[in-house]
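S.K.: Below: sequence and its predicted model.
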Amino acid sequence: LAFCRGRIVRVPKGPLIRVVGTEVAIPCSVSDYDGPSEQNFDWEFSRDTDFVRIVSTWDSTFTSEEYQKRVGRGDIKLRRSSNDAVELVIRNIQPADQGRYKCSTPSTDATVQGNYDAEVQVKVISDGLSVSGSKARSSTSLRLSEGDSFKLRCSAITTSPEHTHLHVTWQIKSGSSWRDILSLTHEGKFQPGPGYEERYRTGDVRLDTGANDTYRFSVSQASSVDGGAYRCLVSEWVRGADGSWQKIQEKSVEIASVSIQRTDVVISTSNVSVTERDSLDLTCNITTDRSGIFQAEVMWYFSTSPDDTLSDAQLLLSMDRDSVVSDSTLISLSHVDRNSYRLLVRDVDVEDSGYYFCEAAIWVPLHNGSWHKVVERTSAPVSVVVTALEPDYDVFLNASKTPKFSDDPTELNCRITNVQDTEANIRFSVSWYYRQPLPGDDVEREELLATMDADWTLLPGDRGRERIQNGEMIFSKKSADTFSLRIQWTSESDRGDYFCVISAWSRHRNNSWVKSKDVYSSSVNIFWATQDYTLTVEAVKLKPFFVAGHTFEMTCKVSSKNIKTPRYSVLITAEKPFTDQSNPNGTTRIISLNQDSVVRLEDWTDQTRVDGVVLEKVQENEFRYRMYQTQISDAGLYRCVVTAWSPGGGGMWREAVNGLSNPIQIDFQTSGPVFNVSVHSDSPTIYQGEVADLLCIITTEGMPLEPDDMSFDVSWFAVRSFALDREPVLLASLDRRGIVTQSRRNGSSDLSLERISPLEFRLRVHGCEDHDFGNHYCVVTPWVRSATGVWQREPDIKAKPIFLSVKMDVLNAFKYPLLIGIGLATVIGLLSCLIGYCSSRWCCKKEVQETRRERRRLMSMEMD
């Protein structure tokens, strides 16, 4: 392919047939060339053998004297379409221009390859196409009514010596541009223009051929969009040498100018306002210039929105073209004159407010006696407002009960007064609102508590829904003109302004109730003076001095102000030193007693001393806390956290205020031993499958103790990382009674924990795996027996971690795979030799049979 590549110059395949007097454009392009992207072109012409230079893209002196005038006038020019393509344009081509045209490109290639010119034959024929309109006049003017039909004709004929086809298109001019309506293509196909596809399918627009080369365009139902100038556009096409169709010329003639008189439907009145129980009178007028026989069909519609379609609107009455009106009791439709239709609605109601519009259709008779609908129009909607007959009344709101303290009841009465002009079909309902006064210029926000509909059904609002369901808010109707709101237990959040709204409801013809009027009452303020709650808590230590093992006792005395009949709940907390490993946050909740005197252990986790703490109520405002057999680990600051409760609504207690007592310190003065813990291993780096030994060694300083007077809880932990940046994992623990507890493991390795001396504990990891690596340490909890025989727990001690590294034994890891591989290779090799031997011995052996030769004596030549 690389050797065959070269420059290619292309022109259309000839001959090119063109009509005299038209404009001709002959394209020429080049491809597969080297050098600059923009290529130059030279055009030459020949009638017989010699070529005459016409025009060039790069040499202004290229044109011969014969063509200099035509090139200078612009009758012949080059039009560049891209860097590698141009068109030779000849305006008003003549028979003398018939001949061969050659397009050549100067070489820009490194080597000469391919073709550098191409020729095309151009044939010029005479103009044989004629297009004309109606025989009577070249152009007519038609004035039609909407829905009429019309037909237009044009004639097109060609006497061309070549075999050409005609393409006929009917166009309409709306504004300044022509639009295609319907075409009969040069291939004999009908093609509707944009927007006329549906009308062509329904047969509304047609194009027919007739005698004497005529083309008849017809429209069955004219609309307002069909108004404008019409013309017949005819183009002549010929099939080229390459099989494609080429347009060689085009002519047009204006046929007619059509104007369409629009039929309008309007309602004589604009927006209407009537009073309830009056009559509504509307007239629908049809505007048309039809003078012949026609009948109108009218339908009146009602809608609540001006944007609703006919399918969404309600049909009120209809009159067909025979003046037959549909039945209705309160609505009538009458034919006033030829083009006017009157709608009368008696005894209008508020529900009749909305939008009214009429739809009219024009029907004309056909020659066969049937009727044909030519146009249908809908009027613009007319707004009708029906003013209700509102009753006249006033609303008065007063408070029959106001709270003096929190949780007192509140009762409001909303009364209807000065009732006038009310009928028997008027009903009253109430809505209750709350408004909280805001400081400064902030906008007050109204919140709905509850409302009643026309059936006196209570509908709770968002603010009062939960309290209404719990019975804390009660809404009632005491009499025909009085509505009541009662709050059983008024809280501080209920302070604010309250007002009621009385709504009047009117009964309509369909027995439905519609709200006609709202009257607001003046607001009533619910407020009572309050003082801030005060709570004081004092903690007292009953025994100033004691030692470990004795009972710790303290009391909490509470005093409060501005709290109505308070009750107290007490919580005892302890702030331990930060060295306590069991409570790193420093504060522990020990025991609590609620306002109903129910005691509960909170975070007390010492199972051996479940009954070691007691909290009791001595008096109404005094509480006592005892802790038996105190340990050294109990050292810290103890406080009383007291919460005051006041009685709330429905027998519930409401939290009023919290208080914190002064701290009471437990500090043991002791000169006992000091314990230290360390971790040791003879071989911190081991191989997989070996046993790792870790020792937890305890040393004492200070006062010596007998081994029987001390005991230890030992726990082993591991952090699976080189740095201590992960959570420790509990491996195993040994309590002071000698009970070993192991955590659940995922691997195949095993653990053992034992005491090898009074102050040494050994952890063994059997069959170590790679996941057993990491930092290992132990946590020791010492227990010391005091002189009184009571065991005291000392603070936890954490040892410095030691890193255990687990390596892999490469020889042992690859020993068995190597032996298995060598064995399998030997077996497969022997098996292959056996199969080869058997195949060559028995399966592939061929028996060669030699042909038997006959032994005959040679004959002498003479006998032969």
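M.R.: Done, it's in.

S.K.: Can you give me the end-to-end span of stretch 454-470?
M.R.: From its first residue to its last, stretch 454-470 covers 25 Å (CA to CA, to the nearest Å).

S.K.: should've said stretch 94-106
M.R.: Length of stretch 94-106, first residue to last, CA to CA: 29 Å.

S.K.: Please work out the average pLDDT along the biggest helix by length in the chain.
M.R.: Criterion DSSP state H: the longest helix present in the chain is helix 810-838. Average pLDDT, helix 810-838: 86.

S.K.: buried ones in it?
M.R.: Buried residues in helix 810-838, counting neighbours by 16 or more other CB atoms under 10 Å, are absent. Backbone N, C-alpha and C define where each C-beta goes, glycine included.

S.K.: Domains in the protein, by residue range?
M.R.: Domain segmentation of the chain under the TED database yields 7-125, 129-261, 265-387, 392-526, 534-666, 674-809.

S.K.: Let's have those domains in JSON lines, adding distance to residue 830.
M.R.: Formatted as JSON lines, those follow (distance: least, CB to CB, whole Å):
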{"stretch": "domain 7-125", "distance to residue 830": "66"}
{"stretch": "domain 129-261", "distance to residue 830": "76"}
{"stretch": "domain 265-387", "distance to residue 830": "92"}
{"stretch": "domain 392-526", "distance to residue 830": "90"}
{"stretch": "domain 534-666", "distance to residue 830": "68"}
{"stretch": "domain 674-809", "distance to residue 830": "32"}
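
S.K.: Adding distance to residue 832 and mean neighbour count as columns, could you present those in TSV?
M.R.: Converted to TSV, those look like this (distance: least, CB to CB, whole Å; neighbours: other CB atoms under 10 Å):
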stretch	distance to residue 832	mean neighbour count
domain 7-125	60	16
domain 129-261	69	16
domain 265-387	88	16
domain 392-526	89	15
domain 534-666	70	16
domain 674-809	35	16
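
S.K.: can you give me the helices for the stretch 1-150 of the chain?
M.R.: Using DSSP state H, counting those that start in this stretch, the helices of the stretch 1-150 of the chain run over residues 68-73.

S.K.: which stretches of it have low pLDDT?
M.R.: Along the stretch 1-150 of the chain, segments meeting pLDDT under 70 span 1-5, 135-139.

S.K.: Walk me through the regions of the stretch 601-750 of the chain where pLDDT falls short of the threshold, as ranges.
M.R.: Scanning the stretch 601-750 of the chain for pLDDT under 70 picks out the ranges 649-651, 668-672.

S.K.: the strands in it, which residues?
M.R.: For the stretch 601-750 of the chain, the strands defined by DSSP state E, counting those that start in this stretch cover 613-619, 622-627, 636-647, 653-660, 664-666, 674-680, 685-687, 692-701, 710-719, 729-734, 740-742, 750-757.

S.K.: what are the pairing partners of whatever helix or strand comes next after the last one, and which direction each?
M.R.: Past strand 750-757, heading to the C-terminal end, the next element that is a helix or strand (DSSP states H and E) is strand 760-766. Strands adjacent to strand 760-766 in the sheet, as given by DSSP bridges, are strand 692-701 (antiparallel), strand 750-757 (antiparallel).

S.K.: Return strand 760-766 as PDB; C-alpha atoms alone will do.
M.R.: Written as PDB, here are the backbone C-alpha positions of strand 760-766 (Å, rounded to 0.1, in the frame of the first residue of the first chain):
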ATOM      1  CA  GLU A 760       6.600 -14.300  88.100                       C
ATOM      2  CA  PHE A 761       4.000 -15.200  85.600                       C
ATOM      3  CA  ARG A 762       4.700 -16.900  82.200                       C
ATOM      4  CA  LEU A 763       2.800 -16.600  79.000                       C
ATOM      5  CA  ARG A 764       3.600 -19.200  76.300                       C
ATOM      6  CA  VAL A 765       2.500 -19.000  72.600                       C
ATOM      7  CA  HIS A 766       2.600 -22.500  71.200                       C
END
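
S.K.: angle of that strand against strand 729-734?
M.R.: Relative orientation of strand 760-766 and strand 729-734, computed by axes from the mean of the first three to the mean of the last three CA atoms, to 10 degrees: 130 degrees.

S.K.: Give me the angle between the following helix or strand past strand 760-766 and strand 710-719.
M.R.: Using DSSP H and E, the helix or strand that follows strand 760-766 towards the C-terminus is strand 774-785. Strand 774-785 and strand 710-719 are oriented at 160 degrees to each other (the same axes, to 10 degrees).

S.K.: So what touches the next helix or strand after strand 774-785?
M.R.: Going down the chain from strand 774-785, the next helix or strand is strand 791-793, by DSSP H and E. Strand 791-793 has contacts (CB atoms under 8 Å, 6 or more residues apart in numbering) with 548-549, 631-633, 711, 781-786.

S.K.: what mean pLDDT would you report for the helix or strand following strand 791-793?
M.R.: In the C-terminal direction, the helix or strand that comes right after strand 791-793 (DSSP H and E) is strand 797-798. Average pLDDT, strand 797-798: 88.

S.K.: if we can go back for a sec, can you tell me which of the strands paired with strand 760-766 is nearest to residue 207?
M.R.: Proximity of those to residue 207 was assessed by CB to CB; the nearest stretch is strand 750-757, lying at 99.1 Å.

S.K.: For that closest one, what is the distance to the chain centroid?
M.R.: 62 Å (CA atoms, centre = their mean, to the nearest Å).

S.K.: coming back round to it: can the strands of the stretch 601-750 of the chain go into CSV with extra columns for distance to residue 497?
M.R.: Formatted as CSV, these follow (distance: least, CB to CB, whole Å):
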stretch, distance to residue 497
strand 613-619, 43
strand 622-627, 43
strand 636-647, 25
strand 653-660, 24
strand 664-666, 50
strand 674-680, 71
strand 685-687, 82
strand 692-701, 74
strand 710-719, 65
strand 729-734, 63
strand 740-742, 67
strand 750-757, 74
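
S.K.: among these, which is nearest residue 376?
M.R.: For residue 376, the closest of these is strand 653-660, at 72.9 Å, according to CB to CB.

S.K.: what separates that closest one from the chain centre, distance-wise?
M.R.: Relative to its parent chain, strand 653-660 has a centroid offset of 47 Å by CA atoms, centre = their mean.

S.K.: Give the other helices and strands that it contacts.
M.R.: Where contact means 3 or more CB pairs under 8 Å, 6 or more residues apart in numbering; DSSP states H and E, strand 653-660 is packed against strand 534-541, strand 636-647.

S.K.: Dump it to PDB, keeping only the CA atoms.
M.R.: Backbone C-alpha positions of strand 653-660 (Å, rounded to 0.1, in the frame of the first residue of the first chain) are rendered in PDB as follows:
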ATOM      1  CA  TRP A 653     -43.000  14.900  87.300                       C
ATOM      2  CA  ARG A 654     -41.200  17.800  85.600                       C
ATOM      3  CA  GLU A 655     -37.500  18.500  86.000                       C
ATOM      4  CA  ALA A 656     -37.000  21.900  87.600                       C
ATOM      5  CA  VAL A 657     -33.300  22.500  88.400                       C
ATOM      6  CA  ASN A 658     -30.000  20.600  89.000                       C
ATOM      7  CA  GLY A 659     -27.500  21.100  91.800                       C
ATOM      8  CA  LEU A 660     -23.900  19.800  92.600                       C
END
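
S.K.: Strand 534-541 and that strand, what's the angle between them?
M.R.: Between strand 653-660 and strand 534-541, the angle comes out at 50 degrees (the same axes, to 10 degrees).

S.K.: Please work out the angle formed by the directions of strand 653-660 and strand 636-647.
M.R.: Compare the direction of strand 653-660 with that of strand 636-647 by the same axes, to 10 degrees and you get 150 degrees.

S.K.: Neighbouring strands of strand 653-660 in the sheet, and parallel or not?
M.R.: Paired neighbours of strand 653-660 in the sheet (DSSP bridges): strand 636-647 (antiparallel).
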